[in-house]
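Colleague: Here is my input, please return the structure:
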Amino acid sequence: MTLDTLPSRAAPQQRGRRRLAPAAPGQYLVWALVAVLALAPLAPLVYTSVLSKPYYLPGGVFSMDAYRQLFTDPAIRTAALNTLVFATCATTAAVVLGAAFAVLVTRTDLPGRRLLGPALLAPLLIPPLGLIVGWESLYGPSGYLTQLWHRNLHLPVWNLTSLPGMSALGAVVTLPIAYLTCKAVLEGADGTLEDAVRASGGGTLLVLRTVTVPMLRTALLDSGMLIFTLSLEVLGIPLFLGRPVNIQFIASYLYDSWSNSPVPDPPIVSAGAILLLVVTSGILLLRGRLLRHSTRYTAGTRATPPAHPIDLGRWRAPLAGASAAFVALTSAIPLLGLALMSNVTSLTTLVAPWHLWTGDNWRQIWTDPTLHRAITDSLTVAAIGSLATVVLVALATVIAHRSGFRLRRTLPALLVYPRATPGIVFGVGFFWLFLIADWPGAMLRTSLWGELVALCVRNMTLSYIVLAPALARLSPELAKASAASGAGWWTTTRRITLPLLRPALLSALVLMFVTLISDYDPVVFLTKPGTELMGTTMLQTWAKGLPGPVAALALVQVLLVTVALALGLGWTLRKKAHRHA
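Modeller: Have a look, this model is predicted:
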């Protein structure tokens with residue numbers, strides 16, 4: 001036997017490693033675009049916070065005076081304390097109520113629970129400023145229901161413009177986050193564990209204390225830290241409700257220091273934005289570390305039957321009534337109040353509303369160039385921005401999860417980070433970026449396109465969280481077969497992967513459109529005459545003491561959101577009907 005006839009040694013096979021298509025040149029372009037959009041606003045923010053003068057003034061040198069003044073200013077300390085109290089109270093109430101409603105909907109025989117679940121999501125569908133205006137018109141110090149309560153019953157009234165009152169509104173706005181998080185855990189949990197405790201003689205409270213609540217620990221922690229982070233950056237509530245009684249939050253302090261101060265101090269605003277960014281980033285990092293061991297609370301990984309519903313007995317009717325009253329008082333009635341306020345000269349209990357009925361508020365929307373332009377500009381930003389964002393994020397998502405691109409693992413973090421950054425921080429960063437980068441900053445700074453870029457970058461995370469799970473459910477076998485037949489990565493993506501993602505792409509498009517119509521935080525420092533959006537125009541009009549046009553604009557937002565959601569839902573139902581025909 002010679003060396004030529006010796007049997008060759010079989011090459012070791014690699015197991016468990018998926019072969020991905022090699023990187024294409026266009027993937028570097030997509031990655032670079034996402035990286036620049038996500039990170040570029042932060043660098044000038046840091047730079048301008050360590051200058052002795054605003055960037056646009058000559059003679060500025062390196063200085064930490066902005067941070068020194070910020071820490072010694074008693075106003076910022078008061079604003080920080082107010083923000084902390086608000087975030088703590090709103091988070092606690094939202095998490096407790098969200099978890100309680102999740103248990104009622106998924107684990108009990110509550111009457112009407114199938115209707116209660118979608119109704120609890122109403123604050124997600126109503127634009128935030130619209131909900132705030134609706135609450136203020138009814139529950140504010142001079143609100144219709146507040147005065148009606150005090151006038152007829154002669155009882156002490158609540159105070160919406162206090163920290164507890166604003167915290168209650170903040171809890172209502174963020175409650176759907178806790179509800180959805182806890183509901184997802186309960187629906188996927190092993191129901192036999194709760195049935196076993198019942199079979200051994202345990203009562204309802206014992207089941208909740210020993211099984212249900214421990215299963216929700218991770219969901220409570222996750223949603224609680226997320227809601228707390230979102231509460232730190234809230235802007236609309238302190239501007240609408242806190243400003244009349246001189247209650248400042250960090251975000252409103254930064255806004256007023258720039259927009260309403262006779263002598264604006266941009267370095268202090270940049271320094272405050274950096275500190276807010278550091279705090280929120282630290283909370284999110286802590287959240288990630290705490291959730292590393294979340295699997296210790298899982299009950300099982302295989303499909304299990306749901307738990308038998310808890311019999312509420314004599315509590316069924318009272319709990320159903322209380323749940324319906326909660327939805328009505330927090331969402332339905334404020335929406336009706338918003339509609340009523342947009343059609344009267346003033347909302348007061350001294351005169352019947354039909355005697356004050358007027359169409360002047362709606363007429364002003366169409367005759368006032370600023371108000372009318374705010375609607376058309378918002379529609380332009382939402383239509384173009386949602387389409388452009390979904391296209392970019394769809395390509396980035398496929399590159400991150402279905403390519404051999406060497407930097408693909410960095411894309412998820414780049415796509416998620418903008419949403420983790422407070423909107424007002426992103427707005428300040430983009431302002432300085434457009435000012436420092438002469439091209440294309442000069443063009444973007446003086447046009448609507450700059451606001452479009454800021455809003456799209458801030459919210460592109462929402463498209464990713466819709467597309468990434470949908471892509472994970474697609475088998476890579478078709479893409480592998482396409483690559484084996486000689487098709488390149490772009491051809492495979494265009495002809496196979498993206499067509500299969502069509503339902504998720506539509507969902508992402510609708511979500512982006514709805515968000516861009518309602519969002520305003522990132523552009524409060526970018527808006528200028530001629531580039532107004534509905535959110536910023538509502539802030540400015542409210543500051544002038546004109547609640548009627550603000551209510552009409554808010555109702556226009558609600559109508560646009562409703563139409564967009566109806567079109568998206570109609571398309572989905574039609575596709576399902578054709579599929580089952």
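Colleague: Do a quick rundown of the helices in the stretch 401-550 of the chain.
Modeller: Using DSSP state H, counting those that start in this stretch, the helices assigned to the stretch 401-550 of the chain run over residues 411-420, 423-436, 438-445, 448-472, 477-484, 489-492, 498-500, 502-518, 534-543, 547-580.
Colleague: And the longest one, what's buried?
Modeller: To tie it back to what came earlier, the one meant is helix 547-580. Buried residues in helix 547-580, counted by 16 or more other CB atoms under 10 Å: 547-558, 560-561, 564, 568. Yep, even glycine has a C-beta here, placed from its N, CA and C like the rest.
Colleague: Phi first, then psi, for residue 126.
Modeller: When quoted as degrees, to the nearest 10, the phi and psi of residue 126 stand at phi -80, psi 130.
Colleague: ok, now which ones touch it?
Modeller: By CB atoms under 8 Å, 6 or more residues apart in numbering, the contact list for residue 126 reads 134, 331, 335, 558, 561.
Colleague: these two touch, right, the fourth one and residue 334?
Modeller: Looking back up the chat, that one is residue 558. No: applying CB atoms under 8 Å as the test, residue 558 and residue 334 come out as separate, 10.9 Å apart.
Colleague: thinking again about what came up before, of all the helices of the stretch 401-550 of the chain, which one comes closest to residue 152?
Modeller: Between residue 152 and these, the tightest spacing by CB to CB is seen for helix 547-580, at 23.5 Å.
Colleague: between that closest one and helix 502-518, how many degrees?
Modeller: Relative orientation of helix 547-580 and helix 502-518, computed by axes from the mean of the first three to the mean of the last three CA atoms, to 10 degrees: 180 degrees.
Colleague: and residue 228, what is it in contact with?
Modeller: Contacts of residue 228 (CB under 8 Å, 6+ apart): 87-88, 91, 283.
Colleague: circling back to that earlier point, closest one to residue 356 out of the contacts of residue 126, please.
Modeller: residue 134 (17.8 Å).
Colleague: and that closest one, helix, strand or coil?
Modeller: Following DSSP: H, G, I helix; E, B strand; the rest coil, residue 134 is assigned to helix.
Colleague: ranking the helices of the stretch 401-550 of the chain by burial, who's on top?
Modeller: Neighbour counts (mean count of other CB atoms under 10 Å) averaged over each of the helices of the stretch 401-550 of the chain peak at helix 423-436, with a mean of 25.
Colleague: export it as PDB, just CAs?
Modeller: Output of helix 423-436 as PDB, limited to C-alpha atoms (Å, rounded to 0.1, in the frame of the first residue of the first chain):
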ATOM      1  CA  GLY A 423     -36.200  62.500  22.900                       C
ATOM      2  CA  ILE A 424     -35.200  65.900  24.100                       C
ATOM      3  CA  VAL A 425     -31.600  64.800  24.200                       C
ATOM      4  CA  PHE A 426     -31.800  63.700  20.600                       C
ATOM      5  CA  GLY A 427     -33.300  67.000  19.700                       C
ATOM      6  CA  VAL A 428     -30.500  69.100  21.300                       C
ATOM      7  CA  GLY A 429     -27.900  66.700  19.700                       C
ATOM      8  CA  PHE A 430     -29.400  67.100  16.200                       C
ATOM      9  CA  PHE A 431     -29.600  70.900  16.600                       C
ATOM     10  CA  TRP A 432     -25.800  71.100  17.200                       C
ATOM     11  CA  LEU A 433     -25.100  68.500  14.600                       C
ATOM     12  CA  PHE A 434     -26.900  70.500  11.900                       C
ATOM     13  CA  LEU A 435     -25.100  73.700  13.100                       C
ATOM     14  CA  ILE A 436     -21.600  72.200  13.200                       C
END
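Colleague: Dump the contacts of residue 126 into a markdown table; add pLDDT and distance to residue 366 as well.
Modeller: Below are the contacts of residue 126 laid out as a markdown table (pLDDT from 0 to 100; distance: CB to CB, whole Å):
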| residue | pLDDT | distance to residue 366 |
| --- | --- | --- |
| 134 | 92 | 22 |
| 331 | 93 | 28 |
| 335 | 93 | 22 |
| 558 | 91 | 18 |
| 561 | 91 | 20 |
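Colleague: which residues of the stretch 1-150 of the chain fall in helices?
Modeller: 25-39, 42-49, 65-72, 74-107, 113-119, 122-125, 128-139, 144-153.
Colleague: ditto for the stretch 201-350 of the chain
Modeller: Counting by DSSP H, counting those that start in this stretch, the segments of the stretch 201-350 of the chain that form helices are 204-207, 213-215, 217-232, 236-237, 250-259, 266-290, 316-327, 333-341.
Colleague: and of these, who's closest to residue 60?
Modeller: Smallest distance to residue 60 across the helices of the stretch 201-350 of the chain (CB to CB): 8.6 Å, for helix 266-290.
Colleague: Now do that closest one, average pLDDT.
Modeller: Mean per-residue pLDDT for helix 266-290: 86.
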